[in-house]
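Undergrad: How does the following fold in three dimensions:
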Amino acid sequence: MGIKIGIILGTTRHNSLGGKIFKYLQKTVQSNADVEYNWIKLSDYPLPLYDHEETPLEDHIHDLNGVESSWLEQLNQQDGYLILTPEYDHAITGALKNALDLVGPEVNRKPVLTIAYSHFSDGGILAAQSIVPILQMLKMIVLPTPVLLWNADDNFAEDGTLLDAKNSDHFAKRLNEAVNEINFYTSTLKNNPFKE
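TA: I've put the predicted structure just below:
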């Protein structure tokens with residue numbers, strides 16, 4: 001049985017480092033008979049700030065607008081997720097947090113792996129740490145070792161080409177490992193669903 005992996009770009013900034021990494025993955029990760037990759041950019045879902053009476057983990061939201069419905073339906077169709085996030089002030093982006101605030105049962109017990117990146121030497125580790133309790137609250141299966149891409153500006157061209165720069169070989173290896181890991185756990189969990 002084939003699986004679907006949603007690869008989410010968790011920033012809405014134009015010309016972002018994350019956009020370059022996202023394009024790199026689009027060039028190097030190809031769908032096949034076993035797995036379909038779906039490319040999800042938050043900028044394609046201009047979500048308003050969360051302002052619903054319901055709490056999504058407890059109650060169905062009754063007054064979703066069209067963009068909110070599309071976002072949740074896109075998440076619901078996936079079996080697993082890779083989330084790319086930069087680090088803003090030691091955390092994930094406000095846009096990504098707001099998008100996750102809408103989420104309820106759509107991602108329940110589905111695996112997720114974080115790819116954090118930074119202009120600096122920390123590689124976005126605090127963003128990667130900050131998203132874990134959010135994803136756990138959503139009852140997702142958070143894989144334990146995020147991908148960290150540090151000082152990554154010199155590694156990726158505008159079109160997503162991985163340049164010959166310091167750490168590029170390591171980044172290519174870690175991103176490939178991340179794809180293989182999310183594929184494995186997504187397939188395993190889809191074919192062996194938890195029975196309550």
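Undergrad: Would you confirm that residue 135 contacts residue 110?
TA: No: between residue 135 and residue 110 there is no contact under CB atoms under 8 Å: 9.9 Å. Bear in mind the C-beta positions are built from the backbone N, C-alpha and C, glycine included.
Undergrad: Centroid-nearest residue for the chain?
TA: Residue closest to the mean C-alpha point of the chain, counted by CA atoms, centre = their mean, is residue 83 at 1.3 Å.
Undergrad: May I have the beta-bridge partners of that one?
TA: On the basis of DSSP bridges, residue 83 is bridged to residue 8, residue 114.
Undergrad: how far away is it from residue 40?
TA: Relative to residue 40, residue 83 is positioned 9 Å away (criterion: CB to CB, to the nearest Å).
Undergrad: list the residues that contact both of those two?
TA: Overlap of the contact sets of residue 83 and residue 40 (by CB atoms under 8 Å, 6 or more residues apart in numbering) consists of residue 8.
Undergrad: hmm, back to that, next up, the contacts around the residue nearest to the centre of the chain.
TA: Residue 83 is in contact with 8, 10, 96, 112-115, 131, counting by CB under 8 Å, 6+ apart.
Undergrad: Might you calculate how far the longest helix belonging to the chain sits from the centre of the chain?
TA: When the chain is parsed with DSSP state H, its longest helix is helix 168-191. Relative to the centre of its chain, helix 168-191 is centred 13 Å away, using CA atoms, centre = their mean, to the nearest Å.
Undergrad: got the contact list for it?
TA: Contacts for helix 168-191 (CB under 8 Å, 6+ apart): 1, 3, 5, 21, 24-25, 28-29, 34-35, 79-82, 109-113, 115, 141, 143, 147-149, 152, 155, 162.
Undergrad: hmm, which of those are the buried ones?
TA: Of the members of the contacts of helix 168-191, the ones counted as buried by neighbours, 16 or more other CB atoms under 10 Å, are 3, 5, 21, 24-25, 29, 35, 79-82, 110-113, 115, 141, 143, 147-149, 152, 155, 162.
Undergrad: quick revisit: now, which of the contacts of helix 168-191 lie within strands?
TA: Those of the contacts of helix 168-191 mapping onto strands are 3, 5, 35, 80-82, 111-113, 115, 141, 147-149, per DSSP state E.
Undergrad: what about the helices in this protein?
TA: 17-28, 66-76, 94-101, 125-137, 168-191.
Undergrad: Let me know which of these is the nearest to residue 55.
TA: Shortest distance between residue 55 and the helices of the chain, using CB to CB, is found for helix 94-101: 9.5 Å.
Undergrad: remind me which residues of the chain are low pLDDT?
TA: Applying pLDDT under 70 to the chain picks out residues 1.
Undergrad: Find the nearest non-adjacent residue to residue 87, please.
TA: Here the nearest residue to residue 87 in space, its sequence neighbours aside, is residue 127; by CB to CB, 6 or more residues apart in numbering that works out to 3.7 Å.
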